[in-house]
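1. Sequence plus predicted model, see below.
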Amino acid sequence: MALKTRSYSVDDKREMTIDEFKRWLKKFDEDKDGRISKDELADAIRVSGGWFARRKSKHGIRSVDANGNGFIDDNEIKNLVEFAEKHLNVRILYL
C-alpha cells in the first residue's frame, strides 16, 4: 500500500494534508470498525519503512488514545500527527 502524496520535503519526508493522512491511515482499518488498533498501526509503520513496528505502535496508541479504549478513534487521529511525523516518515501540512 503506497503512500500517495504530492511531494517530498527537503528531509525526504512525504508531505500530505491532515485529510490525506486520515484517508491513508483508514486504509489500514482492516476490520472497518472506524478505529485503528495497535496491529493496524503496526502495519502502517511497516509499510512506511519503520522498524520495531509492534513496539512503536504500542507506544503510539498509548500516547494518543485520549479515552483509553486501546484504539485510535476518528477524533483522536489528529493527536497522531506528532507520532506520524516521527515514525511514519511523513510531514503533515495544514493548508
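-> It's in. Note that the coordinates shown come from a computational prediction; the quantities given were computed from them, not determined experimentally.
2. All the strands of the chain, residue numbers only.
-> Secondary structure of the chain (DSSP state E): strands located at 7-8, 14-17, 90-93.
3. Now do the lengthiest helix in the chain: everything it contacts.
-> Secondary structure of the chain per DSSP state H: the longest helix is helix 53-64. Helix 53-64 is contacted by residues 37-39, 41-46, 50, 70-72, 76, 79-80, 83, 87 when judged by CB atoms under 8 Å, 6 or more residues apart in numbering. The C-beta positions use only the backbone N, C-alpha and C, and glycine is treated the same way.
4. ok, now stretch 18-35?
-> Everything outside stretch 18-35 that qualifies as a contact, by CB under 8 Å, 6+ apart, is 1, 3-5, 16, 36-37, 40-41, 43-44, 47, 69, 71-74, 77-78, 80-81, 84, 90, 92-94.
5. ok, 7 Å please
-> With contact meaning CB atoms under 7 Å, 6 or more residues apart in numbering, stretch 18-35 is reached by 1, 3, 5, 16, 36, 40, 43-44, 71-74, 77-78, 84, 90, 92, 94.
6. quick one: which of these sit in helices?
-> Using DSSP H, the contacts of stretch 18-35 in helices are 40, 43-44, 84.
7. Which secondary structure element of the chain has the lowest mean pLDDT?
-> strand 7-8 (a mean of 54; mean pLDDT, DSSP states H and E).
8. for the chain, what are the low-confidence residue spans?
-> Scanning the chain for pLDDT under 70 picks out the ranges 1-12.
9. Try it again at 80.
-> 1-13, 49-51, 95 (pLDDT under 80).
10. picking up where we left off before, can you list the ones in helices among the contacts of stretch 18-35 in TSV and add distance to K58 and neighbour count?
-> Below are these laid out as TSV (distance: CB to CB, whole Å; neighbours: other CB atoms under 10 Å):
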residue	distance to K58	neighbour count
E40	12	21
D43	13	18
A44	13	24
A84	15	24
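11. Dump those residues to TSV, plus distance to K56.
-> Converted to TSV, the ones in helices among the contacts of stretch 18-35 look like this (distance: CB to CB, whole Å):
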residue	distance to K56
E40	13
D43	12
A44	10
A84	11
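12. Thanks a lot, see you next time.
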